[in-house]
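Q: what follows is a protein structure lacking sequence information:
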């Protein structure tokens, strides 16, 4: 099991461009979480998805940010019209399918470092 | 509102000294508690979970429901403990959900 994969590992965009970050969860995991880590700050929850469903997007900025986790393929975090303040490390995590009460561990990917010029 | 607080953003201790990283939570229901660690240039990884009542790398964490705290402790800090530590309650009312604290950066001084 290769673990949680994220690509690209580094992404450079100019202001106004779009950024697409991909996350492939571990095999058998159908729960995906996205987090953002701004420079000199801690990890902040953005969105929690299951296959084809957004469960909790309370941490997502209201504009320009969207996320999806289609039936097939990786989860995508999309940032439209990026600004310099979007520069951060974006981490994806996955956890196994199953009942929520099991309090499963989240397995993290290596992150994507987005730099907006 | 659900909340987890790690009051110390930065913490420095000398090698061999005891270390305590504080975590307080405010949640409806009874969350399960976890500590995650991120060493330099590595992935965030699970350090320990309350339900296991285990000691990992010399660290322990006691859940105090009265004070709603889950402080992480180690009696003798080592240089390799220098890392970012996140307290993470897990709740079930919205699914398999974790809310990470803002983290404490621990530096162990040789």
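A: Great, that's in hand. Quantities reported herein were computed from a predicted structural model and do not represent experimental measurements.
Q: use CA for all of it now, contacts and neighbours both
A: Will do.
Q: by mean pLDDT, point me to the weakest helix or strand of chain B.
A: One helix or strand of chain B scores below all others by mean pLDDT, DSSP states H and E: strand B:97-98, with a mean of 66.
Q: and the helix or strand that that one is followed by, what does it pack against?
A: Next along the chain after strand B:97-98, taking DSSP states H and E as the criterion, comes strand B:104-109. When contacts are defined as 3 or more C-alpha pairs under 8 Å, 6 or more residues apart in numbering or on different chains; DSSP states H and E, strand B:104-109 sits against strand B:10-14, strand B:83-91.
Q: direction included, what does the first one pair up with?
A: Each strand pairing with strand B:10-14, determined using DSSP bridges, is listed with its direction: strand B:104-109 (parallel).
Q: any stretches of chain B with poor pLDDT?
A: For chain B, the stretches with pLDDT under 70 are B:1-2, B:28-30, B:91-98.
Q: and the strands in it?
A: Applying DSSP state E to chain B gives strands spanning B:3-5, B:10-14, B:19-21, B:24-26, B:32-38, B:45-49, B:60-64, B:69-74, B:83-91, B:97-98, B:104-109.
Q: okay if I get the ones you listed as JSON lines plus distance to residue A:92 and mean neighbour count?
A: Putting the strands of chain B into JSON lines (distance: least, C-alpha to C-alpha, whole Å; neighbours: other C-alpha atoms under 10 Å in any protein chain shown) gives the following:
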{"stretch": "strand B:3-5", "distance to residue A:92": "20", "mean neighbour count": "18"}
{"stretch": "strand B:10-14", "distance to residue A:92": "25", "mean neighbour count": "15"}
{"stretch": "strand B:19-21", "distance to residue A:92": "25", "mean neighbour count": "20"}
{"stretch": "strand B:24-26", "distance to residue A:92": "23", "mean neighbour count": "19"}
{"stretch": "strand B:32-38", "distance to residue A:92": "14", "mean neighbour count": "21"}
{"stretch": "strand B:45-49", "distance to residue A:92": "12", "mean neighbour count": "20"}
{"stretch": "strand B:60-64", "distance to residue A:92": "26", "mean neighbour count": "18"}
{"stretch": "strand B:69-74", "distance to residue A:92": "25", "mean neighbour count": "20"}
{"stretch": "strand B:83-91", "distance to residue A:92": "15", "mean neighbour count": "26"}
{"stretch": "strand B:97-98", "distance to residue A:92": "13", "mean neighbour count": "24"}
{"stretch": "strand B:104-109", "distance to residue A:92": "20", "mean neighbour count": "20"}
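Q: can I get those strands in TSV with distance to residue A:42?
A: Output for the strands of chain B, formatted as TSV (distance: least, C-alpha to C-alpha, whole Å):
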stretch	distance to residue A:42
strand B:3-5	12
strand B:10-14	11
strand B:19-21	15
strand B:24-26	16
strand B:32-38	11
strand B:45-49	14
strand B:60-64	20
strand B:69-74	17
strand B:83-91	8
strand B:97-98	14
strand B:104-109	8
